[in-house]
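Asker: Structure here, sequence nowhere to be found:
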């Protein structure tokens, strides 16, 4: 499990090699936020959560699955792992072409 | 079931009439809501499987259960089709050889083609939104895993494909042959790491495609590569929304049968033990709880392949 501090570091490290990044990014103690292709990606790392990070895109949760060290799947990238929650979030933005995640509605029943 | 007359064919061997009847039965299942129950079931099982692979149960993905669980899924789907038309079976797509852009697979009378530039929306064939194939966006929250009760992952109600956008090419016959020679069905830790190092004791994981053999391109391989190459919904948790899913998994099912023929002396399913986080040989498979991997091992009880 990533600690909050580690999460911020890995998110910023991912930023340095990011492609096509447009807009702003900022990191603080509560997490990391960037605007990518016009969508707001936010990563938070609540201690004790079952997953490494909570990720939202425009405020809607992206369900993230950690399947190994530096290996994540999301509902929009499901048969191929990516290296970090931030990469998974950017990938989801690229796949969505402006669409909204549906998990917000399901999230109420969590 | 009459296995003698239940023959699954390469879609290239189908007549125009065969194709028409398959598509008609699929559309009828969609109209009555049965198709979307398969979509929801696959999403529910995927979500459970992938939520926490280190402590969670894994039924049909990242698990030896992959081939047994999908064999039953295809059987249940095919049974539903055959209630509507007893002459229909699920065809298979041999993606190692059938890679031409003008394959009959992608014709407007069968699966339809690639998505349009930009958003990848499928515009041709019976599964284009404009021709009436509408993805179910409703969410019926039920307990358990985080995506229970969803039919797809976002608010697009049209099918998306983006051929070759994420991975440049489909698997080759040689790449499949290299996996079919692996003599051990699966090994601990029974997940996406199984068989990653010599002696590569996981036929299942190399076929599923989370790991690569030496000298091969990096994952996604084989099964996963095909999902990723087609792109769009086939690469999402809601992959069953694309009926191509069934042709892809029918070929995967045939790969398991071919592997069994090539390795008659080894256990055709592992683990033998019950009570692990993955199905054992004699574990009833959820959600049906009617058959075990042992009962699913020999496909000839249920159907034959044409070749």
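Answerer: In hand now; what should we look at? Please read all numbers here as calculations on a predicted model, not as lab measurements.

Asker: which phi and psi does the nearest residue to residue B:112 once chain neighbours are set aside have?
Answerer: Sequence neighbours aside, residue B:125 is the residue nearest to residue B:112 in space, at 2.0 Å (criterion: Cβ to Cβ, 6 or more residues apart in numbering or on different chains). C-beta: built from backbone N, CA, C; applies to glycine. The phi and psi torsions at residue B:125 (degrees, to the nearest 10) take the values phi 90, psi 180.

Asker: for the one 4 residues further on, same thing?
Answerer: Backbone torsions for residue B:129, taken as degrees, to the nearest 10, come to phi -50, psi -40.

Asker: Give the bridge partners for residue A:39, please.
Answerer: Residue A:39 has these beta-bridge partners by DSSP bridges: residue A:36.

Asker: And it, how close does it get to chain B?
Answerer: With distances defined as Cβ to the nearest Cβ, to the nearest Å, the gap from residue A:39 to chain B amounts to 12 Å.

Asker: State the next helix or strand along the chain beyond the lowest-mean-pLDDT helix or strand in chain A.
Answerer: The helix or strand of chain A with the poorest confidence is helix A:4-16; it has a mean of 40 (mean pLDDT, DSSP states H and E). Beyond helix A:4-16 in the direction of the C-terminus, DSSP states H and E gives the next helix or strand as strand A:25-28.

Asker: Buried residues of that next one, list them for me.
Answerer: Of the residues in strand A:25-28, A:25, A:27 count as buried by neighbour count, 16 or more other Cβ atoms under 10 Å in any protein chain shown.

Asker: List the neighbouring strands of it plus their orientation.
Answerer: Sheet pairing of strand A:25-28 (DSSP bridges) gives strand A:31-36 (antiparallel).

Asker: what about the strand it pairs with, average pLDDT?
Answerer: Predicted confidence along strand A:31-36 averages 92 (mean pLDDT).

Asker: With stretch B:107-125 instead?
Answerer: Mean pLDDT, computed over stretch B:107-125, is 98.

Asker: and if you look at stretch B:39-55?
Answerer: In this model, stretch B:39-55 has a mean pLDDT of 73.

Asker: next one: stretch B:230-239
Answerer: Stretch B:230-239 shows an average pLDDT of 96 in the prediction.

Asker: which residues are in contact with that stretch?
Answerer: Outside stretch B:230-239, the residues within contact range by Cβ atoms under 8 Å, 6 or more residues apart in numbering or on different chains are A:75-80, A:95, B:39, B:42-43, B:46-47, B:115, B:120, B:122, B:135, B:147, B:150-153, B:159-166, B:226-228, B:241-242, B:244-245, B:248.

Asker: Give the PyMOL command for selecting the buried subset of these.
Answerer: Buried members of these, identified by 16+ other Cβ under 10 Å, are gathered into one PyMOL selection as follows:
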select buried, (chain A and resi 75+76+77+78+79+80+95) or (chain B and resi 39+42+43+46+47+115+120+122+135+147+150+151+152+153+159+160+161+162+163+165+166+226+227+228+241+242+244+245+248)
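
Asker: Mind checking what secondary structure residue B:98 has?
Answerer: Secondary structure for residue B:98, judged by DSSP: H, G, I helix; E, B strand; the rest coil, is coil.

Asker: and it, what are its phi and psi?
Answerer: When quoted as degrees, to the nearest 10, the phi and psi of residue B:98 stand at phi -100, psi 70.

Asker: Would you map the strands across chain B?
Answerer: Along chain B, the stretches classed as strands by DSSP state E are B:7-8, B:304-305.

Asker: Take the ones you listed and write them to TSV, including distance to residue B:263, mean pLDDT and mean neighbour count.
Answerer: Rendered in TSV, the data for the strands of chain B read as follows (distance: least, Cβ to Cβ, whole Å; pLDDT from 0 to 100; neighbours: other Cβ atoms under 10 Å in any protein chain shown):
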stretch	distance to residue B:263	mean pLDDT	mean neighbour count
strand B:7-8	21	98	17
strand B:304-305	17	98	17
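
Asker: Looking at these, which is nearest to chain A?
Answerer: strand B:7-8 (23.2 Å; Cβ to the nearest Cβ).

Asker: other SSEs contacting that closest one?
Answerer: Strand B:7-8 sits against strand B:304-305, with contacts defined as 3 or more Cβ pairs under 8 Å, 6 or more residues apart in numbering or on different chains; DSSP states H and E.

Asker: So, low pLDDT: which residues of the stretch 101-250 of chain B?
Answerer: For the stretch 101-250 of chain B, residues meeting the criterion pLDDT under 70 lie at B:141-148.

Asker: Next up, phi/psi of residue A:93, please.
Answerer: Its backbone dihedrals place residue A:93 at phi -60, psi -40, with angles given as degrees, to the nearest 10.

Asker: list the contacts for it?
Answerer: For residue A:93, the contacting residues are A:36, A:37, A:39, A:41, A:57, taking Cβ under 8 Å, 6+ apart as the criterion.

Asker: Please indicate which of those residues are buried?
Answerer: Applying 16+ other Cβ under 10 Å to the contacts of residue A:93 flags A:36, A:39, A:41, A:57 as buried.

Asker: which residues sit in contact with the last one?
Answerer: Right, residue A:57. Applying Cβ under 8 Å, 6+ apart, one finds that residue A:57 lies in contact with A:39, A:40, A:41, A:89, A:92, A:93, A:96, A:101.
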